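Asks: Sequence and predicted structure below; questions after.
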Amino acid sequence: MFTRKKDLYVAHDSKLSIGLVAKLSSLFDMRIFTRMLLVLSVMVVSNVTVAQTYNLQPTNLATLQTKKSSQIIEHVGYTVSYNEQWHIPNWVAYELTDEEVQGTVPRKGNGNFIPDPLVSGVEIMSSDYSGSGYDRGHMAPAGDMKWSVQAMQESFYLSNICPQNPNLNSGDWRILEEKIRTWAGYYKSIYVVCGPLVDKNPKVIGTKNIAVPSAFFKVLLRVTDSGVETIGFIFPNQAGHKPLSSYMVPVDTIEQMTGIDFFSTLPGKLEKETEKSYCAECWK
């Protein structure tokens, strides 16, 4: 049984909050400090309340609507729906918070991709990617797991990895990963679901026939003062560089392409409204 990441931070957050309050109260006039504290508490409570109200958890951010192989595995930093036929994930989901992006755990070396001990079926090894011409591309990036040694280690499980074009992996895909960390810092948290788009008869690599995605998707949800905002991105699994805006699509589009229902715990009307379109200007 793994300890969930939110549980790991309860004691730390309490000590941090007490210390922060003491320091700030000594620096500001008490009336000004009280107003600042009220504004801050409203922002934090707003995000927490929305998340609790709609039960936003990595395990229910995505639901398969089609008959695909799916083994649901929960790790400290992310949840994965693993496809034993493709030997790659159907989707990977997690929440990234403003505190987590401040983590300092160093990234593991590229030689440390290892099998996921919780995956059943054929064991995929790092060597199965060797000589394929594809990178071992993270779905939940190591850069989002710097808040925990265990989360960092588990981000290198091969259940979180797909064959990815090297130029995409180090280029536009990485740029979006960095942008998500910026948004998480500003909006307090971002909910992320990402994964591959796989053709009916996909190209495969290695002797174990690991499916090569034709493209990748990312779906994001954030809570703002005005409500809930979502957006989708689709990246062809090929070399190239374009503005992030050229990859933007409504979440509905990705649902239709993948057979995955995202954010199904939102009230029906809210889910329908927020997923049918997106505001490009709001995600810059």
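Replies: Alright, I've got the coordinates.
Asks: hey, where'd the helices end up in this protein?
Replies: 5-8, 10-27, 30-53, 149-154, 166-170, 172-187, 251-258, 268-275 (DSSP state H).
Asks: least reliable of the ones you listed going by mean pLDDT?
Replies: Lowest mean pLDDT within the helices of the chain: helix 10-27, at a mean of 45.
Asks: Would you map the strands across the stretch 101-250 of the chain?
Replies: With strands called from DSSP state E, counting those that start in this stretch, the stretch 101-250 of the chain shows them at 135-138, 161-164, 189-197, 204-205, 210-211, 215-224, 227-236, 248-249.
Asks: Could you give the average pLDDT over stretch 83-91?
Replies: 97.
Asks: Over to stretch 232-243?
Replies: For stretch 232-243, mean pLDDT is 97.
Asks: Just give me how far it sits from the chain centre.
Replies: Put simply, stretch 232-243 sits 17 Å off its chain's centre (CA atoms, centre = their mean, to the nearest Å).
Asks: again with stretch 101-116
Replies: 16 Å.
Asks: could I have it exported to CSV, CA atoms only?
Replies: Only the C-alpha atoms of stretch 101-116 are listed here, as CSV (Å, rounded to 0.1, in the frame of the first residue of the first chain):
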residue,chain,number,x,y,z
VAL,A,101,6.8,22.7,-8.3
GLN,A,102,9.2,24.0,-5.7
GLY,A,103,10.6,20.6,-5.0
THR,A,104,14.4,20.0,-5.1
VAL,A,105,14.8,16.3,-5.5
PRO,A,106,17.3,15.8,-8.4
ARG,A,107,16.3,14.0,-11.6
LYS,A,108,17.4,10.4,-11.9
GLY,A,109,19.7,9.5,-14.7
ASN,A,110,18.3,8.2,-18.0
GLY,A,111,19.9,4.8,-17.2
ASN,A,112,17.3,4.2,-14.4
PHE,A,113,14.2,3.4,-16.4
ILE,A,114,12.9,0.3,-14.7
PRO,A,115,9.8,-2.1,-15.0
ASP,A,116,6.8,-1.1,-12.9
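Asks: what sits up against it?
Replies: The contact list for stretch 101-116, computed with CB atoms under 8 Å, 6 or more residues apart in numbering, reads 73, 80, 82, 123-126, 129, 136, 142-149, 151-153, 156-161, 181, 184-185. From N, CA and C alone the C-beta is placed, and that goes for glycine too.
Asks: mind running it again at 6 Å?
Replies: 123, 126, 136, 142, 146-147, 149, 152, 156-159, 181, 184-185 (CB atoms under 6 Å, 6 or more residues apart in numbering).
Asks: which among those end up buried?
Replies: Neighbour-count burial (16 or more other CB atoms under 10 Å) is assigned, among those, to 126, 136, 142, 146-147, 152, 156-159, 181, 184-185.
Asks: tell me which of the residues you listed is nearest to residue 237?
Replies: In terms of CB to CB, no member of the buried ones among the contacts of stretch 101-116 lies closer to residue 237 than residue 136, at 13.5 Å.
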